[in-house]
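Asks: how would this look folded up:
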Amino acid sequence: MDARGLAKVVAESLAAAGSRVVFGIPGGGNNLELIGAAEDAGMRFVLGHTEAAAAYMASVHGELTGTSTACLATRGPGAANAVNGVAQAWLDRQPLVMLTDAVSAADTPRIGHQRIDQPATFAPITKWSGAVGAAGAGDVMKRLVALTLAGRPGPVHVDLDPGAGTASAVPEGASVRSGDLGAVAEAVRRARRPVVLVGLGARDAAGAVRELVRGTNVPVLPTYKAAGVVPSSGPNAAGLLTGATVEAPVLEAADLILAVGLDTVELIPAPWRYEAPVVTLAPWPEESPYFTPAHEVVGPLAELLQDLPRLNDDWEPGYAAAQRAACVERLVAGPPAREGLAPWEVVAAVRDVAPAGSVATVDSGAHMLAAMPQWAAEEPGELLISSGLATMGFALPAAIAAGLARPDRRTFCFTGDGGLGMVLAELETLARLNLPVTVVVFNDSALSLIKVKQRPTGHGGAPAIAYRPVDYAALAAAHGLTSSVVGTVPALTEAATAALKTSGPTLIDARVDPAGYPHILDVIRGVR
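Replies: Model (predicted):
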């Protein structure tokens with residue numbers, strides 16, 4: 001089997017598992033054969049501008065569709081540039097098949113050009129990394145695609161070399177049920193004021209989680225990636241769980257903390273200081289000693305939740321909703337903008353005009369602390385953020401993936417100017433694909449979260465955090481997007497409303513006063 005034959009096997013394996021899109025940037029080697037094979041198998045190829053951004057797109061598309069999605073890159077620089085995208089899939093538990101061209105095993109002794117040890121490079125951030133050759137490729141690829149979704153979802157990396165043998169055996173990746181569900185049930189039966197924490201592992205069990213708390217006043221705190229597992233507008237939604245201080249009143253009032261699908265990779269590294277015992281139900285084992293649960297049960301969450309007794313409920317009616325509202329009220333009570341928009345005003349204005357079911361993607365940075373609590377998510381997948389890796393440059397590629405996966409919905413991309421600068425060329429990808437995405441840039445010419453953290457010492461001064469002012473509306477127009485600059489709430493509302501009347505992408509350059517960010521950090525994390 002030659003390179004073309006191997007490409008055909010790889011593409012057919014992906015298509016058979018439900019994949020419909022391949023992202024990436026072709027180079028030399030067998031990349032073009034793979035793109036042709038993907039198209040022959042009924043898949044669409046989406047060209048990006050950087051391999052990392054293409055991998056973000058693939059991992060988010062896989063998360064939204066529940067299918068393993070592939071990203072391809074050439075060997076050497078292409079593979080190296082994809083590392084951050086693969087790390088995103090690793091720490092955010094997303095199904096991704098990273099496909100790379102490689103210097104063939106036969107040529108390795110004589111060719112050093114563009115040759116790095118790609119399997120070793122990707123090994124720490126994948127469930128499997130190695131070479132796949134012609135021999136047994138069909139079975140190997142079938143098992144690798146399945147591995148991305150088995151147990152704890154995550155990426156695999158494949159060096160495509162027709163002449164190579166498979167580098168190592170592919171693990172099964174199946175979850176094994178363990179733990180004493182009876183002990184968890186007894187703890188639940190005794191509790192009078194339980195709190196339910198919901199993590200990313202519970203997204204596929206949203207119905208069972210909702211049934212668990214239906215008809216009760218029990219507060220539910222989802223992590224960022226579990227937003228929407230219980231509706232944000234519902235009586236049980238008490239805000240968000242990040243490991244910060246904003247959720248502390250709810251956890252301090254509990255006599256039992258029931259963690260469902262919680263993966264502590266999402267929580268910031270603050271001490272766990274709550275006295276209530278923790279019991280966990282999870283689809284995969286928790287490896288971190290972030291806290292020590294009294295009991296942990298691993299298995300299919302929907303089945304485990306069905307076997308729990310009804311939750312006792314001494315919580316006051318409306319308690320959860322009041323906690324959620326209090327957080328937002330404190331958030332928006334910060335100092336008024338001296339010039340331009342306060343960060344919370346940007347989110348509120350867009351949320352007010354966004355249709356039900358709209359998707360929001362949020363980049364890492366100070367603005368995320370305003371965006372996440374204010375964006376109501378009624379279903380999983382309506383609020384997307386890099387949580388485990390918390391990388392900048394995520395929101396725009398994620399919005400492209402969301403626009404492809406859910407073209408019937410408007411996606412709003414909330415990004416800081418620093419994060420957008422990292423993936424600016426993907427504005428052309430967005431325009432080329434003509435997706436229903438509105439990019440909202442929090443433009444303050446600075447790394448504002450780092451600026452807040454810089455204040456105690458002043459180390460580095462302005463050179464460490466400040467950029468020159470940039471007209472992102474002009475840059476967006478140059479890439480083919482409809483764009484505007486806004487500095488007031490009425491102007492932002494008008495621009496966001498106008499965007500809904502178009503079928504394609506728009507960009508709103510929101511001029512933000514960063515003076516409110518210390519207040520936001522104080523509300524969410526209790527620090528300035």
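Asks: what residue ranges in the stretch 1-150 of the chain are flagged as low confidence?
Replies: Scanning the stretch 1-150 of the chain for pLDDT under 70 picks out the ranges 1, 29.
Asks: ok, now which residue in the protein is the farthest from the centroid?
Replies: With distances taken from the mean C-alpha point of the chain and given as C-alpha atoms, centre = their mean, the most distant residue is Arg110, at 41.2 Å.
Asks: The helix or strand of the chain with the lowest mean pLDDT: what's the following helix or strand?
Replies: For the chain, counting by mean pLDDT, DSSP states H and E, helix 448-454 ranks last in confidence among helices and strands (a mean of 65). Following the chain from helix 448-454 toward its C-terminal end, the next helix or strand by DSSP states H and E is helix 472-479.
Asks: so what's Gly42 closest to, chain neighbours aside?
Replies: The shortest distance from Gly42 to any non-neighbouring residue, by C-beta to C-beta, 6 or more residues apart in numbering, is to Ala15 (5.8 Å). Yep, even glycine has a C-beta here, placed from its N, CA and C like the rest.
Asks: Just the element for that neighbour, please.
Replies: Secondary structure from DSSP H and E places Ala15 in helix 3-16.
Asks: Go ahead and name everything in contact with that helix.
Replies: Around helix 3-16, the neighbours that count as contacts under C-beta atoms under 8 Å, 6 or more residues apart in numbering are 1, 22, 29-30, 33-34, 36-38, 40-43, 68, 70, 97, 99, 132-134, 137-138, 141-142, 144-145, 158, 160, 162.
Asks: Buried ones only from the residues you listed, please, as a PyMOL command.
Replies: Listed next is the PyMOL selection for buried residues among the contacts of helix 3-16, using 16 or more other C-beta atoms under 10 Å:
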select buried, resi 22+29+30+33+34+37+38+41+43+68+70+97+99+132+133+134+137+141+142+144+145+158+160+162
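Asks: Which ones among the contacts of helix 3-16 map onto helices?
Replies: Counting by DSSP state H, the contacts of helix 3-16 place Glu33, Leu34, Gly36, Ala37, Ala38, Asp40, Ala137, Gly138, Met141, Lys142, Leu144, Val145 in helices.
Asks: Kindly provide the distance from Lys501 to Ala38.
Replies: As for Lys501, its distance to Ala38 is 35 Å (criterion: C-beta to C-beta, to the nearest Å).
Asks: cool, Thr67 as well?
Replies: Spatial separation of Thr67 from Ala38 under the definition C-beta to C-beta is 14 Å.
Asks: Flag the shaky bits of the stretch 301-450 of the chain, pLDDT-wise.
Replies: Residues of the stretch 301-450 of the chain meeting the criterion pLDDT under 70: 446-450.
Asks: what about the strands in it?
Replies: 359-362, 383-385, 411-416, 437-443 (DSSP state E, counting those that start in this stretch).
Asks: Same list (those) but as a markdown table, adding distance to Ala205 and mean neighbour count.
Replies: Listed next are the strands of the stretch 301-450 of the chain as a markdown table, based on distance: least, C-beta to C-beta, whole Å; neighbours: other C-beta atoms under 10 Å:
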| stretch | distance to Ala205 | mean neighbour count |
| --- | --- | --- |
| strand 359-362 | 21 | 28 |
| strand 383-385 | 18 | 26 |
| strand 411-416 | 25 | 29 |
| strand 437-443 | 29 | 27 |
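Asks: Return the residues in contact with Gly239.
Replies: Residues counted as contacts of Gly239 (C-beta under 8 Å, 6+ apart) are Leu221, Val246, Glu247, Val250, Gln323, Arg324, Cys327, Pro373.
Asks: Please report how far it lies from Glu172.
Replies: When Gly239 is compared with Glu172 (using C-beta to C-beta), they lie 38 Å apart.
Asks: Mind checking what secondary structure Ile508 has?
Replies: Secondary structure assignment for Ile508 (DSSP: H, G, I helix; E, B strand; the rest coil): strand.
Asks: That one against Leu492, yeah?
Replies: Yes: counting by C-beta atoms under 8 Å, a contact exists between Ile508 and Leu492, whose distance comes to 6.7 Å.
Asks: So between those two, which is more surrounded?
Replies: In this comparison of Ile508 against Leu492, neighbours counted by other C-beta atoms under 10 Å, the higher total goes to Ile508 at 28 against 24.
Asks: So for that one, what's the pLDDT?
Replies: Ile508 carries a pLDDT score of 98 in this model.
Asks: for the stretch 151-300 of the chain, what spans make up the helices?
Replies: Listed in chain order, the helices found in the stretch 151-300 of the chain under DSSP state H, counting those that start in this stretch are 181-190, 206-213, 248-252.
Asks: Can you lay out those helices as TSV showing mean neighbour count, distance to Ala462 and mean pLDDT?
Replies: As requested, these are exported to TSV (neighbours: other C-beta atoms under 10 Å; distance: least, C-beta to C-beta, whole Å; pLDDT from 0 to 100):
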stretch	mean neighbour count	distance to Ala462	mean pLDDT
helix 181-190	16	53	97
helix 206-213	19	46	97
helix 248-252	16	34	96
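Asks: of all those, which lies closest to Pro317?
Replies: Nearest of these to Pro317, taken as C-beta to C-beta: helix 206-213 at 13.5 Å.
Asks: on that earlier part again, now the common contact residues for Ile508 and Leu492.
Replies: By the contact definition C-beta under 8 Å, 6+ apart, Ile508 and Leu492 are jointly contacted by Val486.
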